[in-house]
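> This is the structure alone, sequence omitted:
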């Protein structure tokens, strides 16, 4: 067993570390995180607009001039519907930050402009009372500025940043005298690199428009979006994802952070599709979303470690385990797993790695089929913080359905059953070590 872990440490850990620290993947992860506060705020207003209380819609129509359900969704639109714009700025900003040689703010601004440049400035509109769609020009369709444009935003933000950096680092800049204020100097320094960046993206758009794809969005959704949707939005893909995350964590690497660059775009897109359907009162199209993973599969943090905390406080003989349970308990309630992963530890622990890997897989399968069969409500597209405690989060994430809370309770019970025999062996070993130390002292 030691030889196996030594082999993993020598061969796999360096590769995983390189992936985790690769600046482009890290920038995608960090750029997506920049959008999360707005999505959470938008979800708060969405919850207020659609509280699952009998007579609530009628109340909203009757107070202060009425139509308050619609008015409460205004902040939802300006957060969810510009998700790709936020990401286009955020990823470029973070990537420029990691290079450290170019102006972060201007890089983010030019990335945002380049992304907007790729969006066709027309949309289809159906007038009220008419069945014929009309084309409206001179507008940016919110559909492509929101979750549908995420993959384009990611690609364009990386591409535009690299173009901007190339010209800036080759010293193709307008240099001003030292007496010029720094803000003015930065603006003039950005002129040539920025012009070159916009020029390249503009030519790229013109070339794509003469192809059958017609737009960059169509290319990205075909080449990248469809395969990633298959991987990230299916039961098999989710099973593989939680397995890889668990393997990385078991070697001390932040599996969620490493894979988030690949999974977050899909899960956020699915979340937004569910949000739109929930708002419209339609059937929710997706089971696997960001909330499916955050709130149902990993209660207590990656590996569903709330179960181990409960076992520590309830069944532990070892003083070390009991005290660790008291310390890690509050964090685990808010789905923070690091105190347990590094405190027990789970990392490179042959006793606990097996349930740590198997439990999330079982929870994915059970929860997926419970939701697909209609026994449990699907996540309603509400961007709850991943730190929202279990049971409360299940109720809110499903749009006020008690079945969400019940599913979380069932998942915690399953995790308890999975961890118990392995934890008992580990706890017994720690107890014997403590007895031996007491006898020798």
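Done, it's in. Computed from a predicted model, the values in this text were never measured in an experiment.
> Could you list the buried residues of the helix or strand hosting residue 413?
Using DSSP states H and E, residue 413 sits in helix 402-440. Of all the residues in helix 402-440, those buried under the rule 16 or more other Cβ atoms under 10 Å are 403-408, 410-412, 414-416, 418-420, 422-423, 426-427, 430-431. Using the backbone N, CA and C atoms, a C-beta is placed for each residue, glycine as well.
> what does stretch 375-393 give?
Quick answer for stretch 375-393 (16+ other Cβ under 10 Å): 376-384, 386, 388-391, 393.
> re earlier: how far off centre is the helix holding residue 413?
Between the centre of helix 402-440 and the centre of its chain there are 29 Å (Cα atoms, centre = their mean, to the nearest Å).
> Next up, the contacts around residue 167.
By Cβ atoms under 8 Å, 6 or more residues apart in numbering, the contact set of residue 167 is 173, 192, 193, 196, 197.
> Around the second one, how many other residues sit close by?
Looking back up the chat, that one is residue 192. Residues lying near residue 192 (other Cβ atoms under 10 Å) number 17.
> where does it fall, phi/psi-wise?
With angles defined as degrees, to the nearest 10, residue 192 sits at phi -70, psi -50.
> Just the element for the residue lying closest to it once chain neighbours are set aside, please.
Residue nearest to residue 192 in three dimensions, not counting chain neighbours: residue 172, with 4.8 Å by Cβ to Cβ, 6 or more residues apart in numbering. Counting by DSSP H and E, residue 172 is held by no secondary-structure element, helix or strand.
> my read: residue 172 touches residue 194, true?
No - the pair formed by residue 172 and residue 194 falls short of the contact definition of Cβ atoms under 8 Å, at 10.7 Å.
> So between these two, which is more surrounded?
Neighbours were counted for residue 172 and for residue 194 using other Cβ under 10 Å; residue 194 has more, 22 against 14.
> ok, now which ones touch the more buried one?
Residue 194 is in contact with 106, 110, 164, counting by Cβ under 8 Å, 6+ apart.
> Need these in JSON lines (columns: distance to residue 234, neighbour count and secondary structure).
Listed next are those as JSON lines, based on distance: Cβ to Cβ, whole Å; neighbours: other Cβ atoms under 10 Å; DSSP: H, G, I helix; E, B strand; the rest coil:
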{"residue": "106", "distance to residue 234": "40", "neighbour count": "21", "secondary structure": "helix"}
{"residue": "110", "distance to residue 234": "36", "neighbour count": "28", "secondary structure": "helix"}
{"residue": "164", "distance to residue 234": "37", "neighbour count": "28", "secondary structure": "helix"}
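> just these now: which is nearest residue 178?
Minimum distance to residue 178 across these is 19.7 Å, recorded for residue 106 (Cβ to Cβ).
> State the distance from residue 216 to residue 144.
10 Å (Cβ to Cβ, to the nearest Å).
> who touches both of these two?
Common contact partners of residue 216 and residue 144 (Cβ under 8 Å, 6+ apart): residue 152.
> Residue ranges of each domain in this protein, please.
Using automatic domain parsing, the domain parsing of the chain gives 81-232, 290-440.
> so how far is the longest one off the chain centroid?
Centroid separation between domain 81-232 and its chain, computed with Cα atoms, centre = their mean, is 21 Å.
> what does stretch 298-314 give?
Remark: stretch 298-314 is offset 22 Å from the chain centroid, using Cα atoms, centre = their mean.
> what pLDDT does residue 100 get?
The score at residue 100 is 87. That number is its pLDDT.
> Nearest the geometric middle of the protein, what residue?
In the chain, the residue lying closest to the centroid (Cα atoms, centre = their mean) is residue 264, at 3.8 Å.
> Report whether the expected contact of that residue with residue 32 is present.
Yes - Residue 264 is within contact range of residue 32, at 4.8 Å (criterion: Cβ under 8 Å).
> Quick one: list the elements packing against the helix holding residue 413.
Under the contact criterion of 3 or more Cβ pairs under 8 Å, 6 or more residues apart in numbering; DSSP states H and E, helix 402-440 touches helix 306-315, helix 319-333, helix 353-372, helix 392-397.
> and it with helix 319-333, angle?
Between helix 402-440 and helix 319-333, the angle comes out at 160 degrees (axes from the mean of the first three to the mean of the last three Cα atoms, to 10 degrees).
> State the mean pLDDT of helix 402-440.
For helix 402-440, mean pLDDT rounds to 88.
> Mind putting the helices and strands packed on helix 402-440 into CSV with distance to residue 154 and mean pLDDT?
Formatted as CSV, these follow (distance: least, Cβ to Cβ, whole Å; pLDDT from 0 to 100):
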stretch, distance to residue 154, mean pLDDT
helix 306-315, 33, 90
helix 319-333, 31, 83
helix 353-372, 25, 94
helix 392-397, 25, 92
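> Quick one: closest of those to residue 21.
Nearest to residue 21, of all the helices and strands packed on helix 402-440, is helix 353-372, at 23.7 Å by Cβ to Cβ.
> That closest one: how far from the chain's middle?
19 Å.
> Who are the packing partners of it?
helix 235-250, helix 402-440.
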